[in-house]
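In: would you be able to build a 3D model of this:
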Amino acid sequence: MSMMNGNPYYSPPSRHTRCLGDRFIDASLPERRPDLEEFSLLVAKAIQAGLIKPPVAEASVEPVDLSGKPIADWRHITCIKCGQDFTRGQRKHQACMSCRLEKKKCTMCGNEFQPGSKKQACCSNICAGKKASTSHYLPRALPIHTCKVCNQPFTGRLSGAGWAKTCSDACANISRSQFHAEKRAAKLASKAKRL
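Out: Presented below is the predicted three-dimensional model:
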């Protein structure tokens with residue numbers, strides 16, 4: 001008997017494999033673990049003693065949908081066009097998916113495929129990924145501007161907060177020096193007026 005805080009307390013016997021074996025195998029056998037051949041005998045004696053429940057025969061497994069619920073009887077139907085059995089999603093569907101939806105051409109690669117829904121536009125996940133990565137890019141015609149230094153036409157490009165006003169770095173340097181020269185001249189003119 002075990003002790004706790006100086007008082008004896010009851011602890012149930014441990015349920016080791018050796019203890020279970022002693023219950024169902026003759027006590028005359030030496031203490032050892034049961035062999036695999038004796039396992040079926042042990043299970044049979046345990047069922048007779050009521051320690052374990054007998055195995056239940058497996059019932060026929062009903063098909064289940066993605067939610068894990070059994071598929072209702074109304075969902076099993078034969079296609080009125082091709083005669084193939086299929087599971088429908090709505091009561092109004094009388095034909096299978098391949099008979100209801102026409103084949104489409106993939107918007108990315110141009111291959112013909114059988115869509116899974118009306119909204120499906122791509123034949124595979126690879127094409128759908130390409131379409132998603134390029135969907136934000138919209139090609140546009142760039143405007144033609146005239147350089148304010150050399151008066152030559154050039155294709156517009158964004159620069160800072162708006163469109164560039166010069167066609168090249170050389171013209172930009174000339175424009176910058178002209179701007180600062182005009183600013184300096186205006187400053188000198190304002191000083192001359194004050195005097």
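
In: for this protein, just list every one of the helices.
Out: 17-24, 39-49, 97-100, 125-134, 169-194 (DSSP state H).

In: mind listing what's buried along stretch 98-108?
Out: 104, 106, 108 (16 or more other C-beta atoms under 10 Å). In this view, the C-beta of every residue, glycine as well, is placed from N, C-alpha and C.

In: out of the residues you listed, who's nearest residue 167?
Out: Using C-beta to C-beta, residue 108 comes nearest to residue 167 of those, at 37.5 Å.

In: ok, for the closest one, nearest residue in space, not its chain neighbours?
Out: residue 127 (3.9 Å; C-beta to C-beta, 6 or more residues apart in numbering).

In: what does the pLDDT read for the one you found?
Out: With respect to pLDDT, residue 127 scores 88.

In: would JSON lines of the helices of the chain with distance to residue 112 be doable?
Out: Converted to JSON lines, those look like this (distance: least, C-beta to C-beta, whole Å):
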{"stretch": "helix 17-24", "distance to residue 112": "64"}
{"stretch": "helix 39-49", "distance to residue 112": "59"}
{"stretch": "helix 97-100", "distance to residue 112": "13"}
{"stretch": "helix 125-134", "distance to residue 112": "13"}
{"stretch": "helix 169-194", "distance to residue 112": "51"}
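
In: of the ones you listed, which shows the lowest average pLDDT?
Out: helix 17-24 (a mean of 54).

In: on that earlier part again, which one of the buried residues of stretch 98-108 is nearest residue 118?
Out: residue 104 (9.5 Å).
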